[in-house]
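# only the shape, not the letters, is given here:
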Ligand code: IMP
Ligand code: MG
């Protein structure tokens, strides 16, 4: 990936303390309930696995994979489910696990769709939030940290399928090549 620089945004220690804090709140709030975590693939896989290890309540885990088409005009973007949940969620509490909220459209689509299955509740836990880029009304019920409008990679989050493996979080900037 030439021409780009990765700038450190969150260290392993910072991520770990954010995740621990979220897990504490979720463990408190959902004690004695039937909680299903619905992880949005692929970006949230690392966040989910760390979060689950810090929870102190029994839970179930499921996954969805969403694809969005029509990259040109953001407002005309069409979102589709390419892998659906498999666990029944009727009368259960659902917590969607997302890596980043950007326009908010992915979460709006998924929340609306899961609502048809009559869960007891649907809430959202997101690690990062780029509030400045919101196109629809969407707030995380559990938010790690708000970030500026930069392209983010690492800790499960990709740039053309690269950098997901990095344990830290970075923002990408173009490298200015001085004129020769
Ligand atoms: P939204 O539907 O616009 O809110 O888009 C959310 C999705 O876009 C997230 O699940 C991410 O997969 C992806 N995304 C948004 N911002 C970034 C980023 O900075 N880096 C990598 N993926 C991103
Ligand atoms: Mg995603």
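Cool, got the structure. Bear in mind that the values here come from a model prediction, so they are computed numbers and not experimental data. Ligands and ions are numbered 1, 2, ... in the order given.
# residues near the residue nearest to residue 166 when sequence neighbours are not counted, how many?
Once its chain neighbours are removed from consideration, residue 166 has its nearest residue in residue 154; the separation is 3.6 Å (C-beta to C-beta, 6 or more residues apart in numbering). For every residue, glycine as well, the C-beta is placed using N, CA and C. As a burial measure, the neighbour count of residue 154 was computed by other C-beta atoms under 10 Å and equals 23.
# state which strand of the chain is the longest.
When the chain is scanned for its longest strand (criterion: DSSP state E), the result is strand 59-69.
# that one vs ligand 1: in contact?
No. If you take C-beta under 6 Å from any ligand atom as the test, strand 59-69 misses ligand 1, and the best it gets is 6.9 Å.
# stretch 152-167 too?
Yes. Applying C-beta under 6 Å from any ligand atom, one finds stretch 152-167 touching ligand 1 at 152, 157.
# just the mean pLDDT for that stretch, thanks.
Across stretch 152-167, the average pLDDT comes to 97.
# adjust the sequence numbering to begin at 837 for everything that follows.
With 837 as the first residue, the last one maps to stretch 988-1003.
# so which helix or strand takes in residue 945?
Using DSSP states H and E, residue 945 maps to helix 941-951.
# got it, and residue 867?
Under DSSP H and E, no helix or strand contains residue 867.
# run a quick check on it versus residue 895, I expect a contact.
No. With contact defined as C-beta atoms under 8 Å, residue 867 does not count as touching residue 895 (11.2 Å).
# which of these two has more residues huddled nearby?
The residue with more neighbours, out of residue 867 and residue 895 and counting by other C-beta under 10 Å, is residue 895; that gives 17 against 11.
# tell me the pLDDT of the closest residue to that one other than its chain neighbours.
What sits nearest to residue 895 in space, not counting adjacent residues and going by C-beta to C-beta, 6+ apart, is residue 871, at 4.7 Å. Looking at residue 871, its pLDDT is 98.
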